[in-house]
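**Student:** Okay, structure incoming, though there's no sequence with it:
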């Protein structure tokens, strides 16, 4: 039997960013799932604070060169890759000069939220899907973590659901206590729209708060994971009411085993589009 394929899409991964709850899972969960016999691919944004020389990033020319149109503007897609040798694991990076050359991740040096974080999230999400298409690598399951990846379930179920690469993919969204103050750009809802994504599909983004962005991800996911011990109670209630499979917070010593079991549960469940 062919190995199941798991696509990991992470907001943060060690050692490319400092250790955090999210970056730790972004680093060790893919390795653990690979060691359990699955085939994996892993993606994250190429934030400008990542030292390319020290981490030995290099551009993958055959995957780069596409332009993505966001808010009526062309943005070149650049793909880079690095290896974590001890884990026998490659990490692909989505890069673009407009969105990812700044030396900070989500906020500037003064702690102010980047005003174009909505477009950065759109570019990252679409960039991953387009790159995986070029790789001709059809994932059985997509695991995405952090609010920056919250559009992944929507794009899978509405924009790429008829693409042969993704037609049979399921998606698990993992939420954290990673709130941002205020909202994303008020035009976020409009920027997400396409021939396949209507305003009704993303009605909840009329108020693009952290809570609503996560709720959108829940709406289109096949399974939900709470990856912090203190997740917003409103989100926990919303997930429970959805009736979808949910996994509660798991300690660092146990999450690989528990999430592997949860992934198998989702893979074996009937497909829902």
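**Tutor:** Yep, that arrived. What you see is a predicted model; the values in this text were computed from it and never measured.

**Student:** Low-confidence ranges, the chain, go.
**Tutor:** 271-273 (pLDDT under 70).

**Student:** Tell me the bridge partners for residue 59.
**Tutor:** Using DSSP bridges, the bridge partners assigned to residue 59 are residue 80.

**Student:** tell me the contacts of residue 186?
**Tutor:** Applying Cβ atoms under 8 Å, 6 or more residues apart in numbering to residue 186 gives the contacts residue 208. For the C-beta atoms, the positions are set from N, CA and C on the backbone; glycine is no exception.

**Student:** for residue 92, same thing?
**Tutor:** 41, 42, 43, 44, 60, 79, 80, 81, 128, 131.

**Student:** Near the fourth one, how many other residues are there?
**Tutor:** This means residue 44. Residue 44: 26 surrounding residues under other Cβ atoms under 10 Å.

**Student:** Bridge partners for it, pull those for me.
**Tutor:** The partner residues for residue 44, given DSSP bridges, come to residue 93.

**Student:** wait, it sits on residue 11?
**Tutor:** Yes. With contacts counted by Cβ atoms under 8 Å, residue 44 reaches residue 11, the gap being 7.1 Å.

**Student:** Please enumerate the shared neighbours of the two.
**Tutor:** Common contacts of residue 44 and residue 11, defined by Cβ under 8 Å, 6+ apart, comprise residue 26.

**Student:** Now list the buried members of the contacts of residue 92.
**Tutor:** 41, 42, 43, 44, 79, 80, 81, 128, 131 (16 or more other Cβ atoms under 10 Å).

**Student:** between the contacts of residue 92, which is closest to residue 202?
**Tutor:** When these are compared for distance to residue 202 (Cβ to Cβ), residue 128 wins out at 18.7 Å.

**Student:** so when I look at the closest one, I'm seeing a strand, right?
**Tutor:** No. Secondary structure of residue 128 (DSSP: H, G, I helix; E, B strand; the rest coil): helix, not part of a strand.

**Student:** contacting residues around it?
**Tutor:** Contacts of residue 128 by Cβ under 8 Å, 6+ apart are 7, 9, 43, 92, 94, 152.

**Student:** check which helix or strand covers the closest residue to residue 109 other than its chain neighbours.
**Tutor:** In this structure, residue 109 finds its nearest non-sequential neighbour in residue 103, 7.8 Å apart by Cβ to Cβ, 6 or more residues apart in numbering. Following DSSP states H and E, there is no helix or strand that holds residue 103.

**Student:** wait, isn't residue 103 in contact with residue 49?
**Tutor:** Yes. At 5.1 Å, residue 103 counts as touching residue 49 under the criterion of Cβ under 8 Å.

**Student:** Comparing those two, which residue is more hemmed in?
**Tutor:** It is residue 49, of residue 103 and residue 49, that has more neighbours when counted by other Cβ under 10 Å, with 13 against 10.

**Student:** dump the residue contacts of that one.
**Tutor:** 17, 103, 104, 105.

**Student:** which of these count as buried?
**Tutor:** Buried members of the contacts of residue 49, counted by 16+ other Cβ under 10 Å: 17, 105.

**Student:** show me where the stretch 101-250 of the chain has helices.
**Tutor:** Secondary structure of the stretch 101-250 of the chain by DSSP state H, counting those that start in this stretch: the helices cover 117-135, 152-154, 188-192, 210-220, 233-242.

**Student:** Pipe the ones you listed into TSV and attach distance to residue 204 per row.
**Tutor:** Output for the helices of the stretch 101-250 of the chain, formatted as TSV (distance: least, Cβ to Cβ, whole Å):
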stretch	distance to residue 204
helix 117-135	14
helix 152-154	10
helix 188-192	9
helix 210-220	5
helix 233-242	10
